[in-house]
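Peer 1: Any chance you can model this:
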Amino acid sequence: MSEKSFDSEKRGPTRRRFLQLAVASALIPLLDIPGRQARADALPALDESSPTAMGLSYKKTQEAAKSIDGYQDGRKCENCALYTPENQGCRLFPANSVEPEGWCKAWVPKPAG
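Peer 2: Numbers count the residues shown, from 1 in each chain. Model prediction:
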């Protein structure tokens with residue numbers, strides 16, 4: 001009998017190993033692996049006393065904003081063009097979430113359409 005070794009480490013890549021890797025690679029998109037968006041969902045709430053929030057007179061509720069000069073009823077974070085509902089974020093406060101019922105002086109109407 002011959003002394004041939006069938007050790008895959010000595011022979012290098014095989015068709016079987018290639019197929020195993022191909023199948024494993026094809027399954028990766030099916031896995032529910034948390035990505036960047038999942039981390040964005042966990043944004044800390046914006047503190048009304050932060051310098052940027054104070055500069056824009058951000059308030060967490062419409063009731064608290066009523067006494068601010070320039071307040072208009074119905075203008076709130078959730079209907080502002082700067083609001084991102086996926087993570088309750090705001091483009092003005094990228095590291096924080098804002099309350100959907102919140103208000104600030106930088107409110108921008110959403111484009112029609």
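Peer 1: Residue 45 bridge partners, please.
Peer 2: Per DSSP bridges, the residues bridged to residue 45 are residue 97.
Peer 1: Please name the residues that touch it.
Peer 2: 96, 97, 98, 99 (C-beta atoms under 8 Å, 6 or more residues apart in numbering). C-betas here are computed from N, CA, C, even on glycine.
Peer 1: How much space separates it from residue 15?
Peer 2: Using C-beta to C-beta, to the nearest Å, we find residue 45 at a distance of 55 Å from residue 15.
Peer 1: Ok, residue 60 next?
Peer 2: Using C-beta to C-beta, residue 60 is found at 61 Å from residue 15.
Peer 1: How far off centre is the one helix or strand residue 18 maps to?
Peer 2: Element membership of residue 18 [criterion: DSSP states H and E] is helix 15-27. Computed by C-alpha atoms, centre = their mean, to the nearest Å, the chain-centroid distance of helix 15-27 equals 32 Å.
Peer 1: out of residue 60 and residue 15, which sits in the busier spot?
Peer 2: Taking neighbours as other C-beta atoms under 10 Å, residue 60 and residue 15 compare with residue 60 leading, 19 against 7.
Peer 1: okay but that one is in contact with residue 97, surely?
Peer 2: No: the criterion here is C-beta atoms under 8 Å, and residue 60 misses it with residue 97 at 10.8 Å.
Peer 1: where does the chain have low pLDDT?
Peer 2: For the chain, applying pLDDT under 70 flags the ranges 1-12, 26-41, 113.
Peer 1: repeat that with 50
Peer 2: For the chain, the stretches with pLDDT under 50 are 8, 35-40.
Peer 1: Run through the helices of it in chain order.
Peer 2: All helices of the chain, identified by DSSP state H, fall at 8-11, 15-27, 36-40, 51-55, 62-65.
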